[in-house]
Each structure stands twice: as structure tokens, then as C-alpha cells.
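Chemist: sequence first, then the predicted structure, then my questions.
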Amino acid sequence: MAYFLDMFGTAVFAIAGALAAGKKQLDLFGVIVLAIVTAVGGGTFRDLVLGAPVFWIIDPNYILVSIGAAIFTFFLARFHMLPDRALSLADAFGLAMFTISGTQKALEFGVLPTIAIMMGMLSGGGGGMVRDVLAGEIPLILRREIYATASILGAGLFIGINFFWPGHIAAPLAGILCTLIIRLAAIRYRLSLPMFIPLEKEK
Amino acid sequence: MAYFLDMFGTAVFAIAGALAAGKKQLDLFGVIVLAIVTAVGGGTFRDLVLGAPVFWIIDPNYILVSIGAAIFTFFLARFHMLPDRALSLADAFGLAMFTISGTQKALEFGVLPTIAIMMGMLSGGGGGMVRDVLAGEIPLILRREIYATASILGAGLFIGINFFWPGHIAAPLAGILCTLIIRLAAIRYRLSLPMFIPLEKEK
Amino acid sequence: MAYFLDMFGTAVFAIAGALAAGKKQLDLFGVIVLAIVTAVGGGTFRDLVLGAPVFWIIDPNYILVSIGAAIFTFFLARFHMLPDRALSLADAFGLAMFTISGTQKALEFGVLPTIAIMMGMLSGGGGGMVRDVLAGEIPLILRREIYATASILGAGLFIGINFFWPGHIAAPLAGILCTLIIRLAAIRYRLSLPMFIPLEKEK
């Protein structure tokens, strides 16, 4: 079940990476690389910093799922106009999954709750950050306050519930839902805040 | 004492990160992330490359100090015009502190002096490098020769004194002062070299 | 012999880094830093992800060769017009050397062939990726399909031959030649595809 969620997070993040690549008119290979980086980048940072073995070295399925999702998105985007919002939506789902799985993995390594929350945020937001830097953009996570806030609140809720019912399935579910709902609400809310956009690039 | 200096370096680098974020009109959260990245980025690289446990996983105070300094700077900048030079000054102090503490940590891991000097430069300059990349700029360290030169000379002086009086307090103090004085002199000198500036961005 | 090839790869990648720095009109120090990053960046990633000790910590010759090649290129470029193609050529040689040495090192760590190929690609392409990000460009590896394709095919051929004749010298030689020939052919072919260039930057 946890494994399935992780693979689902990997796939949606890979889709988000492929969609970001599409905006830059990269070729198929560039799309695959950006998809892989987005999908495994955050978790790679987390594992390096925790001193854990890097997860996709042990289980190459993460790479294969990313490649599959990227190719699927690449061809889908050629035949259908994908809504502008698809990137934000895929990113929100990935953020929610990876925030909680990252927090959980950090807790298993015995770090303090503050650090576990940071690790959740790094897992959830790190891949997208590298994706944006490679694509020549200032990272989304730096420009949208509610992005990381969603991650922090979800990770905090997960740690709180997990403290009282260790290992109970309610903790990750509540954390994922909390992150997802806040982030999706922020995406919808952002649509009514167009004045934020002119601030995006070098003034 | 060493710990206090390290925290001081963390705080000034976090301030430098927050000021750089301010120039890009990021929101409070973006400011905090850039501040943390600037403050702990260089040391994180150093620890990963050395194979040491990452310092802020063991002692989360580094993160808390960074967050505090970022919030302080954010609100201060709203009420006072900060001088243009504040970013360069804070950066110079952080560079001096972290160069020496990074060199010292590398020596404790038994690496060669050449590598220890590189580790000092990486600790001192790495955070600012990541900060500039995230903010969409070509890193300061690549554009200003005296930046890394100050770091290399300070680290070399520290290693030299430390060779003759191992563990003596004079070694880190001399190294920090050397880096700081060269860098501050370079900042003042740069002010009289405005012709360098047109070369900054893609010609 | 393997060591000599590795040093040769380091030198040509450092030259490629220095040439990329030259295009940005960085100063001598910026040139040296970009050269080092290009030369050792990919292998550093590979070692961190594999959990291996970082190679240039153990053998600082890699750093010294990079610095030497950067200084040589810097002064050569001042006195001779270097052909536009020099950067691509040096990059192609470095890609071929490092792809195979990276794949080989990964295999020695007992990873699966898929992951070993990725590690080869990371070793070969990672340094140039960081170089381009630091120089404010979208990485070459994302924009030119044949770049990483050359790396993947060369690494695959190496693994294939190595499977039947483990440790035979033909395996790395064939892998290096395969990568190099495909990449060089792609460079020449690209010259007849100028329409790809207008897509380079934010549309």
C-alpha cells in the first residue's frame, strides 16, 4: 500500500516534470530526464542528507515508472491539448505523497520532528526545485507561499497523529489529504490573484 | 566559542540569503528557504563530499537560527531601507567564518591540505552559489575573482599557522580576519570598478 | 591505462568548462571553478548516489589536472581564436571517457545494469549539466537528444561485451568509441539543423 502510493507519487511527479519540459520545447530525451529528476530528485536529496542508501539504486522501478510516465505524457501532449492546470495538479498530488513518505522515512532514521518535517518538505519540493532550475526558472516553491506551507502542515499533522497512534494508517492518510487540500485550495485561490504574476521574473 | 562563531556565520549567511530573496520580491516563505539554503548549503555539500553526517541533522539549531534571521531581516527590510551594501557585507562575514570552520572540519577528517582548502571554499561559497542559482543569477563566486581568492588565502593561512601551532586559537582567528579583510577590501575596491558590471549577464 | 584515460577525460572536460566560462566573460577564477565543476561534477554525483567515497577526495590529482587545463585554456584563448566547435569536441571526448568509467565503477558496486547505465550517463553528463546551470543556461544534455543517447548506447555496449568477456579491454574501448562516434556524428549532423536553435531560450 505504501509502495503503491510511492509509485503513484513518482508517476504524477514524472508527469509534472514532463509537462514542464514540454513548455520549454525540449525533445523526447530532455522530457525523460526532467521527468526522472522531478520524480526522484527530492528523495535523492533526502537520502543523501540522511545518510541512507539512495532509494532508486535499490529499487530501479522508480526510474522505470518515471520513464514510462514521461513517454506517456509526451505522446498524450502531442494529440490532446492538456489543460494549463494539469502541471499544477500533478505537482500537488506528488507533493502530498512525497511529503508524507519523506517525513516517515526521516522518522525511521530517528531524527527530531523539526528535521523530519524539513525532510518531508525536501522530498516533496526538492524534485520540482531541481526541475525548475534545470529548465531555467526560479523554483515554484520559492514563489508560492502556500506550496511549502501545505507541505509543512501536512507533515506536522502526520507527525502529530503518528505520535499518539504510532504506525496507524490514519496518520499518513490525514497528512496526505491535509497537504493536498491546502495545495489544491491554494491553486484555485491563486487564480483570483493575477497580480502576483508580474512579480515573477527579475522585476 | 567555535560553536558561537559558527552560529554567527549561520545568522549572517541567512541574512544575506534573505536580502538576496528580497531583491527578487519573493514572499516570506521564499525568503526563509533562500536563507536556509544560503546558510547551510555550503556545509551540507562539504559533509556529503567528506562522507560526514550532515551537521544540521545532528544539531537543528542551525535551521532555527536561519529561520529566525530570515524572519528578522524580512520585517526589518519592510520598515527600513537597508543599504545596498548590506548583502555584500553579510556575505563577507559568512564567507570568512565558514571558510575557516569548513577547512578545520576537513582537516579533522584527515584529508590533504589542498583538499581542505577546497572544502573551506566549498563551505564558504557553496551556500551562496546555490542561493544565486535558485534566484536565477550567475553565482557571485564565479563573477568576482577576489571572492574565492579571499577564501583560499584565509584557508591557506589557517592551515599554515595550524601546522606550527596545532589547535592554537591564533590559527582560526588569523584565517577569519585574513579572509574578511581581503573580501571587504575587494568590495570597496569593486565600487571603483563599475566597468565590470556590464559584463554580468549574457553579454 | 584506465587511470590515464580518466585523467584525459578530466582534462578535456575541464577544457570544455573553461571554454563555456569564456563565453560568459567570467574572470580567471570563474573559469577555474567552472572547469573543476565540469570535470568532477558528474563523478561526484555518481559517488554520492552510490555511497562511494568521493574520488577526488582520495586522489587530488583530478583537481590539479582540472586547474592546469583551465589555466592553459584561459591563456590559449587569449592568444588564439579557438574554433566554435572546440567546446563541443572536448565535451564529446569527456562524455565518452566518463560514461564508460562511470558505468564500470557502478558495476563494481554491484548495481543492476539499468542503474549502471544511468550512473554512466550521470558521470558523463552531470558535470556539464551543473556547468550549464551555473552559467545560466538550460543544460546541453536536455536540449540535444543525441547527447545522452550516445552515452546510453556506449554504456550498453560496454555492459554487453563485459558480460561475455568480463574485464576484457575490448569492452571499455568499444564503449568509448561507440559513444564518441555517435556524439561526433551528432555534432556534425546538428550543423545542418539550424532550425533547432531558435527554440533554445524561453521560446
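Modeler: On my side now, so go ahead. Numbers count the residues shown, from 1 in each chain, chains lettered A, B, ... in the order given.
Chemist: which positions in chain A make contact with chain C?
Modeler: A:21, A:24-30, A:33-34, A:44, A:48, A:53-54, A:56-57, A:60, A:63-64, A:133-136 (CB under 8 Å from any CB of the partner chain). C-betas here are computed from N, CA, C, even on glycine.
Chemist: which secondary structure state is assigned to the residue of chain A found nearest chain C?
Modeler: Across chain A, no residue is closer to chain C than A:G30, which sits at 3.9 Å (CB to the nearest CB). Secondary structure state of A:G30, per DSSP: H, G, I helix; E, B strand; the rest coil, is helix.
Chemist: wouldn't it be in contact with C:I146 here?
Modeler: No. Between A:G30 and C:I146 there is no contact, the gap being 11.6 Å when judged by CB atoms under 8 Å.
Chemist: who has more neighbours out of these two?
Modeler: Neighbours were counted for A:G30 and for C:I146 using other CB atoms under 10 Å in any protein chain shown; A:G30 has more, 26 against 17.
Chemist: and the residue most central in space within chain A, what does it touch?
Modeler: The residue lying closest to the centre of chain A (CA atoms, centre = their mean) is A:L95, at 3.3 Å. If a contact means CB atoms under 8 Å, 6 or more residues apart in numbering or on different chains, then A:L95 has A:124-125, A:128, A:147, A:150-151, A:179-180, A:183 as its contacts.
Chemist: just flag the most distant two among the residues you listed.
Modeler: Taking CB to CB as the measure, the contacts of A:L95 span a maximum distance of 15.1 Å, between A:G128 and A:L180.
Chemist: quick one: which of the two has more around it?
Modeler: The residue with more neighbours, out of A:G128 and A:L180, is A:G128; 27 against 19, by other CB under 10 Å.
Chemist: quick one: pLDDT of the more buried one?
Modeler: Looking at A:G128, its pLDDT reads 85.
Chemist: do the helix or strand where it lies and chain B meet at all?
Modeler: Take DSSP states H and E as the rule and A:G128 turns out to sit in helix A:113-134. Yes. Interface with chain B: helix A:113-134 contributes A:114-115, A:118, A:129, A:133 (CB under 8 Å from any CB).
Chemist: which of these are buried?
Modeler: A:115, A:118, A:129, A:133 (16 or more other CB atoms under 10 Å in any protein chain shown).
Chemist: export those to JSON lines and append columns for distance to A:G160.
Modeler: Compiled in JSON lines, those are given as follows (distance: CB to CB, whole Å):
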{"residue": "A:I115", "distance to A:G160": "16"}
{"residue": "A:M118", "distance to A:G160": "16"}
{"residue": "A:M129", "distance to A:G160": "26"}
{"residue": "A:V133", "distance to A:G160": "33"}
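Chemist: so which of the residues you listed is the closest to C:R188?
Modeler: Nearest to C:R188 among these, with distances taken as CB to CB, is A:V133, at 31.0 Å.
Chemist: who touches that closest one in this structure?
Modeler: A:V133 sits in contact with A:139, B:133-134, C:133, where contact means CB under 8 Å, 6+ apart.
Chemist: that older thread, put the buried members of the contacts of A:L95 into a PyMOL selection.
Modeler: One line in PyMOL is enough to select the buried members of those, burial here meaning 16+ other CB under 10 Å:
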select buried, chain A and resi 124+125+128+147+150+151+179+180+183
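Chemist: tell me which helix or strand of chain A sits lowest on mean pLDDT?
Modeler: helix A:140-143 (a mean of 70; mean pLDDT, DSSP states H and E).
Chemist: quick check: next helix or strand after it?
Modeler: For helix A:140-143, the following helix or strand on the C-terminal side (DSSP H and E) is helix A:145-164.
Chemist: helices or strands up against that next one?
Modeler: Judged by 3 or more CB pairs under 8 Å, 6 or more residues apart in numbering or on different chains; DSSP states H and E, helix A:145-164 is in contact with helix A:86-108, helix A:113-134, helix A:140-143, helix A:170-190, helix B:28-50.
Chemist: alpha carbons only: can I get that helix in CSV?
Modeler: Backbone C-alpha positions of helix A:145-164 (Å, rounded to 0.1, in the frame of the first residue of the first chain) are rendered in CSV as follows:
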residue,chain,number,x,y,z
GLU,A,145,4.0,30.7,-0.2
ILE,A,146,1.2,28.1,0.1
TYR,A,147,3.3,25.5,-1.7
ALA,A,148,5.7,24.7,1.2
THR,A,149,3.2,25.7,3.8
ALA,A,150,0.9,22.9,2.6
SER,A,151,3.9,20.5,2.9
ILE,A,152,4.8,21.7,6.4
LEU,A,153,1.2,21.5,7.7
GLY,A,154,0.7,18.0,6.3
ALA,A,155,3.9,16.7,7.7
GLY,A,156,3.1,18.3,11.1
LEU,A,157,-0.3,16.7,11.1
PHE,A,158,1.2,13.3,10.2
ILE,A,159,3.8,13.5,13.0
GLY,A,160,1.1,14.6,15.5
ILE,A,161,-1.2,11.7,14.8
ASN,A,162,1.7,9.3,14.5
PHE,A,163,2.8,10.4,18.0
PHE,A,164,-0.5,9.2,19.5
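Chemist: any idea how far A:A96 is from A:A174?
Modeler: 11 Å (CB to CB, to the nearest Å).
Chemist: so where's chain A shaky on pLDDT?
Modeler: Confidence mapping of chain A against pLDDT under 70 gives the ranges A:1, A:25, A:81-82, A:84, A:143-145, A:189-203.
Chemist: recalculate using a threshold of 80.
Modeler: A:1-2, A:22-30, A:77-87, A:138, A:140-147, A:167, A:187-203 (pLDDT under 80).
Chemist: so A:P172 makes contact with A:L157?
Modeler: No. Using CB under 8 Å, A:P172 is not in contact with A:L157; the gap is 10.0 Å.
Chemist: more crowded one of these two?
Modeler: A:P172 (22 against 18).
Chemist: please look at A:L89 and A:I187 and confirm they touch.
Modeler: Yes. A:L89 lies in contact with A:I187 (CB under 8 Å); the separation is 7.4 Å.
Chemist: ok, and for stretch A:56-64, which residues are buried?
Modeler: Neighbour-count burial for stretch A:56-64, counted by 16+ other CB under 10 Å, picks out A:56-57, A:62-63.
Chemist: element containing A:G110?
Modeler: Per DSSP H and E, there is no helix or strand for A:G110.
Chemist: next, count neighbours for it.
Modeler: 9.
Chemist: separation between it and B:M118?
Modeler: 32 Å.
Chemist: which residue is the nearest non-sequential neighbour of A:S123?
Modeler: Distances taken as CB to CB, 6 or more residues apart in numbering or on different chains place A:G102 nearest to A:S123, at 2.5 Å, with adjacent residues excluded.
Chemist: now do the contacts for whichever residue of chain A sits closest to chain B.
Modeler: Ranked by CB to the nearest CB, the top residue of chain A for proximity to chain B is A:L142, at 3.8 Å. Residues counted as contacts of A:L142 (CB under 8 Å, 6+ apart) are A:129, B:21, B:24, B:26, B:29-30, B:33-34, B:134-135.
Chemist: 10 Å - rerun?
Modeler: Neighbouring residues of A:L142 by CB atoms under 10 Å, 6 or more residues apart in numbering or on different chains: A:125, A:129, A:132, A:148, B:21, B:24, B:26-27, B:29-34, B:37, B:134-136.
Chemist: same thing with A:G102?
Modeler: The contact partners of A:G102, by CB under 10 Å, 6+ apart, come to A:9, A:42-43, A:45-47, A:50, A:116-126, A:151, A:155.
Chemist: show the buried residues in those residues.
Modeler: Buried among these (16+ other CB under 10 Å): A:9, A:42-43, A:45-47, A:50, A:116-126, A:151, A:155.
Chemist: picking that back up, between the buried ones among the residues of helix A:113-134 next to chain B, which is nearest C:I71?
Modeler: A:V133 (29.0 Å).
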